[in-house]
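>>> Dropping a prediction and its sequence here:
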Amino acid sequence: MTLVGKEIAVELKNDVVLTGTLHSVDQYLNIKLTTVQVVNQERYPQLTVLKNCFIRGSVVRYVQINPGDVNTELLQDATRKENSPAVGGTVSEAKK
Amino acid sequence: MASTLSEWKSKPVTVLTCDGRLISGHLRGYDQLQNLVLQKSYETVYSVDAPPERIDLGLFVVRGDNVAVIADGEIGRAGGGGGEESDDDGVRAEPIKEIAGNR
């Protein structure tokens, strides 16, 4: 979510690597990219015309993210919140 | 946030299938499994020793399992609405590999 608008590289299971700006992701890891460029254009000249694309989550092998784009503090805070008993789902359920 | 295809409904799209084919056409319908209905569709076959060959397919339904990438724009026409150079008569390319482990 926090990576939307960032530049990422997506490697597909057929070895094609697409780079582009992350537009959206959903629960299946379907990915939408804008300003797409194919890595290794000499090998895949037919894919250089792509501009915006939707990548089916099931065909993704890797998503490469620039380490600088990852907000680790936010992720750590989120995990802490999820595991803290005060706001944990089980406790609030018990109160009811 | 949701990665839907709504913005491409009834627009020209190009689909890369899991067996490495490129099928273009007008997106007439879709669902959450990426089953697609393509109107006036055609496959563009690239080879290393001949210009790209266009094979007309008509109305096509692609099952979602076989879809790898959906891109806006048609091959051989203005791609991605960018209206830039789209004459790919000289493009020579080896076929794209099929998606590993899809069977």
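Yep, it's here.
>>> Report the beta-bridge partner residues of the spatially most central residue of chain A.
Nearest to the mean C-alpha position of chain A, by Cα atoms, centre = their mean, lies A:V25 at 5.9 Å. With DSSP bridges applied, A:V25 shows beta-bridge pairing to A:I31.
>>> wouldn't it be in contact with A:V60 here?
No: counting by Cβ atoms under 8 Å, A:V25 stays clear of A:V60, with 10.3 Å between them. For glycine as for every other residue, the C-beta is placed from the backbone atoms N, C-alpha and C.
>>> quick one: common contacting residues for the two?
A:I31 (Cβ atoms under 8 Å, 6 or more residues apart in numbering or on different chains).
>>> what separates the helix or strand hosting A:D77 from the chain centre, distance-wise?
Using DSSP states H and E, A:D77 falls within helix A:72-83. Taking Cα atoms, centre = their mean, to the nearest Å, the mean C-alpha location of helix A:72-83 is offset from the chain mean by 18 Å.
>>> Could you count how many residues lie near A:V36?
Residues lying near A:V36 (other Cβ atoms under 10 Å in any protein chain shown) number 23.
>>> any idea where the strands of the chain begin and end?
In the absence of a named chain, chain A is used. For chain A, the strands defined by DSSP state E occupy A:7-12, A:17-25, A:31-38, A:53-55, A:60-65.
>>> you looked at the wrong chain, it should be chain B
In chain B, the segments counted as strands under DSSP E are B:12-17, B:22-30, B:36-45, B:53-62, B:67-72.
>>> quick one, which of these is nearest to chain A?
strand B:67-72 (4.0 Å; Cβ to the nearest Cβ).
>>> how big is the angle separating that closest one from strand B:12-17?
For strand B:67-72 against strand B:12-17, the angle between stretch directions is 160 degrees (axes from the mean of the first three to the mean of the last three Cα atoms, to 10 degrees).
>>> Can you check what pLDDT the model gives B:A50?
We have a pLDDT of 88 for B:A50.
>>> Check what pLDDT the spatially closest residue to it that is not a sequence neighbour gets.
Once flanking residues are discounted, B:A50 sits nearest to B:R92: 7.7 Å by Cβ to Cβ, 6 or more residues apart in numbering or on different chains. At B:R92, the model reports a pLDDT of 85.
>>> Nothing else from me, thank you.
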